[in-house]
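Trainee: Below are the sequence and a predicted model for it; my questions follow.
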Amino acid sequence: MQSRDLIKKLEKLAPPEYAESWDNPGLLVGNADREVHKVYIALDADGGAVEKAVQCGCDMILTHHPLLFSAIKSIRDEDFIGHRLMMMIENKINYFAMHTNFDVAVMADIAADRLGLKNRMPLAMVRETESGLKGIGSSGTLDDELTLAELAALVRKAFDLPQVRCYGDPETTVRKISMCPGSGKGMDADVLKAGSQVFITGDVDHHYGIDCVEKEICVIDAGHHGLEHIFVPYMEQWLKENCPEIQTVTDDNQSPFFVI
């Protein structure tokens, strides 16, 4: 399949106009006329992912987070980003990213699916689409009330995580949930507007966590990677169903940090 034909399919799944103004999704490296037979899927185009894509003979790297957010003035091998870009170019590997456009089109729904949230509405950046309202994150209700500790255990299991961090009384009962995969810091006003009792997101720091509790919002910090790693298996399955002629290789999808 030509790269441009694959890109059309990817952009139908997650239209680029859904992306936030500061974002940089799309074809970031490569030639749209290049034939694509094998795609490497990862959350990030880090050095390990690029090296494995080269070793596996992939023609395209597909990630959630873009490697490039702002202009660069040089591409040099001694620079870690330049080195990755040179590896892609020298090995004729196209690089495509689907970020906040994917968050709006897909991520909010598949994350909420894992917790079985009902009566969903977008948390922020609402758009009217052919399939209904879409946005960053989602708010919804659980089938039954759970304590914060029970919900945290559910999140840990649903996203296959070794641990999550919680702010609030573990015995607080909750049913209305807001969640934002990735980094949702600063969205507490949206959570309050939604009437949610708990906010599930990543990248929560000490002060933001305790401030949310003061506002009567419990917080479950499942990590940036912890909530967004679902991009990899989702896109693997999507490519198998929509582009069966393309082989896929997936990143090992391990957390970038460990806790002792």
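Mentor: It's in.

Trainee: got the contact list for His37?
Mentor: 1, 59, 245-247 (CB atoms under 8 Å, 6 or more residues apart in numbering). The way it works is simple: take the backbone N, C-alpha and C, and place the C-beta from them, glycine included.

Trainee: redo that, cut-off 6 Å
Mentor: Taking CB atoms under 6 Å, 6 or more residues apart in numbering, we find His37 in contact with Asp59.

Trainee: Tell me how far it lies from Leu133.
Mentor: His37 sits 38 Å away from Leu133, going by CB to CB, to the nearest Å.

Trainee: Excluding chain neighbours, give the residue nearest to Arg165 in space.
Mentor: Asp221 (4.3 Å; CB to CB, 6 or more residues apart in numbering).

Trainee: For that neighbour, which residues count as its bridge partners?
Mentor: Note on Asp221: beta-bridge partners by DSSP bridges are Arg165, Thr201.

Trainee: Am I right that it is in contact with Cys166?
Mentor: No. Here Asp221 lies out of contact with Cys166, judged by CB atoms under 6 Å, at a distance of 7.4 Å.

Trainee: Give me the neighbour count for Cys166.
Mentor: By the measure other CB atoms under 10 Å, the count of residues near Cys166 is 23.

Trainee: pLDDT wise, what is it at?
Mentor: pLDDT for Cys166: 98.

Trainee: which ones are touching it?
Mentor: 152, 220.

Trainee: again, 7 Å this time
Mentor: If you count contacts by CB atoms under 7 Å, 6 or more residues apart in numbering, Cys166 has them with 148, 152, 219-220.

Trainee: Among these, which ones are in helices?
Mentor: Residues of the contacts of Cys166 located in helices (DSSP state H): 148, 152.

Trainee: which two from the contacts of Cys166 end up farthest apart in space?
Mentor: Ala152 and Val219 (10.1 Å; CB to CB).

Trainee: His83 and Leu67 touch, don't they?
Mentor: No. Counting by CB atoms under 7 Å, His83 stays clear of Leu67, with 11.3 Å between them.

Trainee: Which of those two has more residues huddled nearby?
Mentor: Higher neighbour count among His83 and Leu67: Leu67, with 20 against 14, using other CB under 10 Å.

Trainee: ok, now which ones touch the closest residue in space to that one that isn't next to it in sequence?
Mentor: Once flanking residues are discounted, Leu67 sits nearest to Ala45: 4.3 Å by CB to CB, 6+ apart. Contacts for Ala45 (CB under 7 Å, 6+ apart) come out as 61, 63, 67, 84, 95.

Trainee: Kindly indicate whether the first one is helix, strand or coil.
Mentor: For Ile61, the reduced secondary structure class is strand; criterion used: DSSP: H, G, I helix; E, B strand; the rest coil.

Trainee: Going forward, the N-terminal residue is numbered 34.
Mentor: From this message on, residue numbering opens at 34, which makes the last subject Ile94.

Trainee: partners of it in the sheet?
Mentor: Tyr73, Tyr128.

Trainee: Next, the contact list for it, please.
Mentor: Per CB under 7 Å, 6+ apart, neighbours of Ile94: 73, 75, 78, 82-83, 86, 121, 126, 128.

Trainee: thinking again about what came up before, which one of the contacts of Cys199 sits closest to His240?
Mentor: Val252 (11.8 Å).

Trainee: Go ahead and confirm the closest one touches Arg198.
Mentor: No. Checked against CB under 7 Å, the pair Val252 and Arg198 is beyond contact range at 8.2 Å.
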